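1. Need coordinates for the following:
(chains A and B)
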Amino acid sequence: MSRRGRTTAEPAGDTAEPAPEGEAIRVDDLRKSFGSNQVLKGIDLSVATHEVICLIGASGSGKSTLLRCLNLLEPIDAGRISLWGRPITGQHIDQNLVRRHIGIVFQSYNLFPHMTVLRNVTLAPVKARGLPRAQAEAEARALLDRFGLLEKQDDYPDRLSGGQQQRVAIVRALAMRPQIMLLDEVTSALDPELVAEVLDVIRELAASGMTMLIATHEMGFARDIASRVCFLEDGKIVEEAPPAQLFTSPQDERTRRFLRRIVEAGRM
Amino acid sequence: MVLGEPGQIPGSFGTTGRGPRLLSGGGRRATAVSTASTLVVIAALVAIFWLAPGSAQVRHTFFNPADMWHAFVGDPKKGYYSVGAAIWLNIRMFLVAEVLILALALLIALIRQSAGPVLFPLRVLAMIYVDFFRGVPLLLVILAIGFGVPALRLNFVSTQSAAVYGVVALVLSYSAYVSEVYRAGLNSVHQSQTAAARSLGLSHATALRYVILPQAVRNIIPPLLNDFISLQKDTALVGVLGAIEANEAAQIYSSTVFNYSSYVVAAILFLILTIPLARFTDGLIDRDRRRRLAGAGA
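-> Residues are numbered from 1 along each chain as shown, chains lettered A, B, ... in the order given. A predicted model of the protein is given here:
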């Protein structure tokens, strides 16, 4: 909240829609510490429009922090992040405007417990995009319908299952019409039988051409859906490759060690 | 878990959570036992009061029905005011102070919770304010405002009634307490809620207004009402400035007629004000707990 936005240098404003093709996200030498704990030690990443990138790695490897930095929820210490060639880090950036273009969904859903499903989904379109309520509700109902949640529109979050809550959280992010979606271990808090319904939603998003960065522990899913998989360890991207290559013939010893442990744990 | 709660008696297998709390729990025998023991205690206290050597005198000076009635209706010709009418001043001071406290305390809490270096001086000021007014006795604040401000002989500011200065003092003092209640409420909302709201592109102010505050307020209503119960009583302190509120009217009666029954009248009137608010607070806490239990089960 310290860097309040100014509208002079809009990185991706409504007036200038970002180019729909080309390099969507570029991260250069991104560094981030919490106190003396350096979590990101120089991340370089390039994501093309419509690409689906899966971030894998042990807990604490920096996946979540990377996603939170991309959404500007964490101020970065050093490095650069650009969307379609426009920097979103540094001075005079309207964070709120940037965030309208990058949706993020969290592990713990974080729905607003005092609002119905419909209000959860329409709050940001009305208050941040400035849509008339009727239009926002019509759009929200269409999205809820698309993901099989229409009959839940008047329920409060605590009446929903974990899988339903997470699908609502995805719909809530989509209601801002982002061009990029960041998914932060969205199935980790779910009971196993509820994971599939959420993964199906993500598959549909990928099929519709959404550019996505997905931090996940679901290796089978990552192999299915990713155009590229990045393996993070200790705040760095150790190896990145198409899934077929990374999962079958990993080049780096650290990647091999991680995947071996995953297989032993029966997760793949 | 207060003493003598019927449900706590061993061997009872009563219903729970149904009906008013005082009557819930316990089998019929347990209820009878607890009722009997309560009556015995009350009877003992009444007996001690009645049999004390000075009982007749106390009853005459504190509980004389004729004096209580005279104090309640008042008689300006004999030099005393109606306590029953004076309580309206307490109610008015309470209602005005309450609204102002809610607003000022929220402002202080938001300043203290703010981030960023720009607001640092304001944060320090807010902290000093809270420390100061929580530390200084309310009575001193009332005296300082009530006698100090008129002595300044400013236009308008120095020519208000005692009740106005009283309300100002109450607002200054109570806002310090209530701001801490607000702050606890704001902190009770997990910061992931802020992250979720901000990640959708909502501004800090919008996130606060629609996401954080509604959840915080829900958490702080019981402690807030608790502070307001004590605010209702503390309006009596404004009497030191000469405002004819219930306590002051009672004092004038007692010093005119030399009978203290007027104070009992004032006490009864304050009880009539505070008890409904106290029961309402209990009801809210109860309802909130039941809702939470229901929510956790879903």
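2. what ranges do the strands span in chain A?
-> Using DSSP state E, the strands found in chain A span residues A:23-34, A:37-48, A:52-56, A:78-83, A:86-87, A:102-105, A:180-184, A:211-215, A:228-233, A:236-241.
3. Dump those to CSV, plus distance to A:Ser64.
-> C-beta here means a position set from N, CA and C on the backbone, and glycine is covered the same way. Listed next are these as CSV, based on distance: least, C-beta to C-beta, whole Å:
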stretch, distance to A:Ser64
strand A:23-34, 11
strand A:37-48, 9
strand A:52-56, 9
strand A:78-83, 16
strand A:86-87, 23
strand A:102-105, 10
strand A:180-184, 5
strand A:211-215, 6
strand A:228-233, 10
strand A:236-241, 14
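4. mind showing which ranges of the stretch 1-150 of chain A have poor pLDDT?
-> Scanning the stretch 1-150 of chain A for pLDDT under 70 picks out A:1-20.
5. List, one by one, the residues from it near chain B.
-> Residues of the stretch 1-150 of chain A that fall close to chain B, judged by C-beta under 8 Å from any C-beta of the partner chain: A:1-2, A:68, A:71, A:73, A:95-97, A:99-100, A:103-104, A:106, A:108, A:110-114, A:123-124, A:127-129.
6. For the closest residue to chain B within the stretch 151-268 of chain A, give its distance to A:Met115.
-> Proximity to chain B, evaluated over the stretch 151-268 of chain A using C-beta to the nearest C-beta, is greatest for A:Asp158 at 4.4 Å. A:Asp158 is 11 Å from A:Met115, where distance means C-beta to C-beta, to the nearest Å.
7. So between these two, which is more surrounded?
-> Higher neighbour count among A:Asp158 and A:Met115: A:Met115, with 18 against 15, using other C-beta atoms under 10 Å in any protein chain shown.
8. The more buried one contacts A:Ala124, doesn't it?
-> No - with contact defined as C-beta atoms under 8 Å, A:Met115 does not reach A:Ala124; the gap is 11.4 Å.
9. Can you tell me how far A:Gly130 is from A:Thr211?
-> 24 Å.
10. what comes up buried for stretch A:259-268?
-> A:259, A:262 (16 or more other C-beta atoms under 10 Å in any protein chain shown).
11. give the contact list for the spatially most central residue of chain B.
-> Nearest to the mean C-alpha position of chain B, counting by C-alpha atoms, centre = their mean, stands B:Ile229 at 1.7 Å. B:Ile229 sits next to B:274, B:277-278, B:281 when contact means C-beta atoms under 8 Å, 6 or more residues apart in numbering or on different chains.
12. What about those, which one has the most neighbours?
-> B:Thr281 (18 neighbours).
13. quick one, phi psi at the residue of the stretch 1-150 of chain B found nearest chain A?
-> Closest contact between the stretch 1-150 of chain B and chain A, by C-beta to the nearest C-beta, is at B:Gly116 (4.2 Å). Phi and psi for B:Gly116, reported as degrees, to the nearest 10, are phi 90, psi 140.
14. okay, now it: neighbour count?
-> 12.
15. confidence score at it?
-> As predicted, B:Gly116 sits at a pLDDT of 79.
16. Spatially, which residue comes closest to A:Leu143, not counting chain neighbours?
-> Distance criterion C-beta to C-beta, 6 or more residues apart in numbering or on different chains; nearest residue to A:Leu143, sequence neighbours excluded, is A:Val171 at 4.8 Å.
17. ditto for B:Val178
-> Distances taken as C-beta to C-beta, 6+ apart place B:Ala105 nearest to B:Val178, at 3.6 Å, with adjacent residues excluded.
18. Quick one: residues contacting the residue lying closest to B:Leu100 once chain neighbours are set aside.
-> Once flanking residues are discounted, B:Leu100 sits nearest to B:Val171: 4.6 Å by C-beta to C-beta, 6+ apart. Listed by C-beta under 8 Å, 6+ apart, the contact set of B:Val171 reads B:97, B:100-101, B:104.
19. if I look at B:Val171, how far off is chain A?
-> 29 Å (C-beta to the nearest C-beta, to the nearest Å).
20. And for B:Gln232?
-> Relative to chain A, B:Gln232 is positioned 29 Å away (criterion: C-beta to the nearest C-beta).
21. Could you say which helix or strand holds that residue?
-> Using DSSP states H and E, B:Gln232 maps to helix B:213-234.
22. Please identify the buried residues of that helix?
-> B:213, B:215-220, B:223-225, B:227-229, B:231-234.
23. after that helix, next one along is what?
-> In N-to-C order, the element after helix B:213-234 by DSSP H and E is helix B:246-257.
24. Which parts of that following helix count as buried, going by neighbours?
-> For helix B:246-257, burial by neighbour count (16+ other C-beta under 10 Å) applies to B:246-254, B:257.
25. Show me what the helix or strand that comes right after that helix is packed against.
-> Heading C-terminal from helix B:246-257, the first helix or strand you meet, by DSSP H and E, is helix B:261-297. Secondary-structure packing of helix B:261-297 (3 or more C-beta pairs under 8 Å, 6 or more residues apart in numbering or on different chains; DSSP states H and E): helix B:55-62, helix B:65-73, helix B:83-113, helix B:213-234, helix B:246-257.
26. and the angle from helix B:261-297 to helix B:83-113?
-> Orientation of helix B:261-297 against helix B:83-113 (axes from the mean of the first three to the mean of the last three C-alpha atoms, to 10 degrees) gives an angle of 40 degrees.
27. Could you pull out the helices in the stretch 51-200 of chain A for me?
-> With DSSP state H, counting those that start in this stretch as the criterion, the stretch 51-200 of chain A has helices at A:63-70, A:95-101, A:117-127, A:133-146, A:162-174, A:192-207.
28. Out of those, which gets nearest to B:Val238?
-> Of all these, it is helix A:117-127 that lies closest to B:Val238, at 42.7 Å by C-beta to C-beta.
29. Alpha carbons of the closest one, as PDB, please.
-> The C-alpha coordinates for helix A:117-127 follow below in PDB (Å, rounded to 0.1, in the frame of the first residue of the first chain):
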ATOM      1  CA  VAL A 117     -21.100 -16.600  -3.800                       C
ATOM      2  CA  LEU A 118     -22.600 -14.000  -6.300                       C
ATOM      3  CA  ARG A 119     -21.400 -11.100  -4.200                       C
ATOM      4  CA  ASN A 120     -17.900 -12.700  -3.900                       C
ATOM      5  CA  VAL A 121     -17.700 -12.800  -7.700                       C
ATOM      6  CA  THR A 122     -19.200  -9.400  -8.500                       C
ATOM      7  CA  LEU A 123     -17.500  -7.300  -5.800                       C
ATOM      8  CA  ALA A 124     -14.300  -6.600  -7.800                       C
ATOM      9  CA  PRO A 125     -16.000  -6.100 -11.200                       C
ATOM     10  CA  VAL A 126     -18.300  -3.500  -9.600                       C
ATOM     11  CA  LYS A 127     -15.800  -1.700  -7.400                       C
END
